[in-house]
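Visitor: no sequence for this one, just the structure:
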Ligand SMILES: C[S@@+](CC[C@H](N)C(=O)[O-])C[C@H]1O[C@@H](n2cnc3c(N)ncnc32)[C@H](O)[C@@H]1O
C-alpha cells in the first residue's frame, strides 16, 4: 500500500515537474511579491487545475507576460488597449492574466469561465473585474456587440471542433464591429509530439483532438494547423496577425489576432 502511494505520489510530482518545465519556458523568474500586485492569491489546487503546475511564481510571472504579450500584439497592429471600452477574458481560469488588468484605466474588464469554482474565486478576489459563469456550450452573459477585445488563452486548445466553432461564433456575437479576438492554439511546435497517425492528420490540415470526452479540462488537447485556423476556425473573422509560438505567457502556443468585420 505504502509503495503504491509512494509511486503514485512520485508519478504525480514527476508530471507536475515536467509540466512546470514545459510551461515555464520563456517565463522570467521575477520574485513573487513584485509580480503579485497586492491581490489575493488563488489556492494552489485552482492554480494546478488551470496550469498543470502549482508553481505560484510561474502563475504570476507567466500571467504578467501574457498580459504584456496581449498589449504588444495590439500595439504592433495599431490598437491601444487603454482606448477600448470593454475587454473579455474568455476562459479566464483563476485570473492568471485578468489580475494584471487591475490598474487599466480605460476599459471595463470582464471574465468568463465554465468552471464555477474558478468563477467564484475570481469574483471574490478580483473585484475590479466583472466575472460571470457560462456553460461548456451555449453563450456568455453579455449582449451583442459589447466588447472591443475578447481573448482566450489556451482555451480553444481544450475544445472539440464543433464546440470550438460555436465559441468562435459566440465571441463574434459579443464583439463590436471591428472588434478583436485574440486566441492561442497548439500549432506546429506541439504537433511534433503527436504520434504518427495524428501528426499526419495535422499536417494534412485537419485538427487533432485528444481525449474529446474530457473537453473543457486540460486532459483534452486540441491541435490546430495554421491552415485550419485561417481557412476554417476563424470563420467570419479576418486574420490580422499570426505569430507561431508567439503566445509568450502560454509558451510555444501560436498566437492569433482576428477581427470582426466593421
Ligand atoms: C488551460 S486553462 C487556461 C486558463 C486561462 N485562460 C489562463 O491562461 O490561465 C483553460 C481554461 O478554459 C476554461 N474553459 C474550458 N472550456 C471552457 C468553456 N467552454 N467556456 C469557458 N471556459 C472554458 C477552463 O475552465 C480553464 O479555466
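Guide: Done, it's in. Note that the structure is a prediction, hence the values are computed from the model and not measured.

Visitor: Residue 66 reaches residue 251, doesn't it?
Guide: No. Using Cβ atoms under 8 Å, residue 66 is not in contact with residue 251, being 10.1 Å away. Any C-beta I mention is one placed from the backbone N, CA and C, and that applies to glycine too.

Visitor: Between the two, tell me which one has more neighbours.
Guide: residue 66 (24 against 16; other Cβ atoms under 10 Å).

Visitor: Doesn't that one lie inside a helix?
Guide: Yes. Looking at residue 66 with DSSP: H, G, I helix; E, B strand; the rest coil, it is inside a helix.

Visitor: Pull up the per-residue confidence for the residue nearest to it when sequence neighbours are not counted.
Guide: Nearest residue to residue 66, sequence neighbours excluded (Cβ to Cβ, 6 or more residues apart in numbering): residue 249, at 2.5 Å. The score at residue 249 is 94. That number is its pLDDT.

Visitor: What about residue 249, how many residues nearby?
Guide: Around residue 249 sit 25 other residues, with neighbours defined as other Cβ under 10 Å.

Visitor: Neighbours of residue 212, how many?
Guide: 14.

Visitor: let me redo that: residue 103
Guide: The local packing of residue 103 (other Cβ under 10 Å) involves 7 other residues.

Visitor: Need phi/psi at it.
Guide: The phi and psi torsions at residue 103 (degrees, to the nearest 10) take the values phi -100, psi 10.

Visitor: where's it relative to the ligand, distance?
Guide: 19 Å (Cβ to the nearest ligand atom, to the nearest Å).

Visitor: do the same with residue 177
Guide: As defined by Cβ to the nearest ligand atom, residue 177 lies at a distance of 24 Å from the ligand.

Visitor: Look at that residue and give its secondary structure.
Guide: Reducing the assignment at residue 177 to three states with three-state DSSP gives strand.

Visitor: before we move on, back to that, the residue nearest to residue 66 contacts residue 153, doesn't it?
Guide: Yes. Counting by Cβ under 8 Å, residue 249 sits close enough to residue 153 to count as a contact (6.8 Å).

Visitor: Tell me where the stretch 101-250 of the chain has helices.
Guide: Under the criterion DSSP state H, counting those that start in this stretch, the stretch 101-250 of the chain carries helices at the ranges 116-125, 161-174, 188-191, 196-203, 226-228.

Visitor: ok, and which of these has the densest surroundings?
Guide: helix 161-174 (a mean of 19; mean count of other Cβ atoms under 10 Å).

Visitor: elements contacting it?
Guide: strand 86-90, strand 147-152, strand 175-185 (3 or more Cβ pairs under 8 Å, 6 or more residues apart in numbering; DSSP states H and E).

Visitor: Could you pull up the mean pLDDT of that helix?
Guide: Averaging pLDDT residue by residue across helix 161-174 gives 98.

Visitor: what's the angle from that helix to strand 147-152?
Guide: On the basis of axes from the mean of the first three to the mean of the last three Cα atoms, to 10 degrees, helix 161-174 is oriented at 160 degrees to strand 147-152.

Visitor: on that earlier part again, can you convert the helices and strands packed on helix 161-174 into CSV and add a column each for mean neighbour count and distance to residue 96?
Guide: Supplementary listing: those in CSV, determined by neighbours: other Cβ atoms under 10 Å; distance: least, Cβ to Cβ, whole Å:
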stretch, mean neighbour count, distance to residue 96
strand 86-90, 26, 9
strand 147-152, 25, 12
strand 175-185, 22, 13
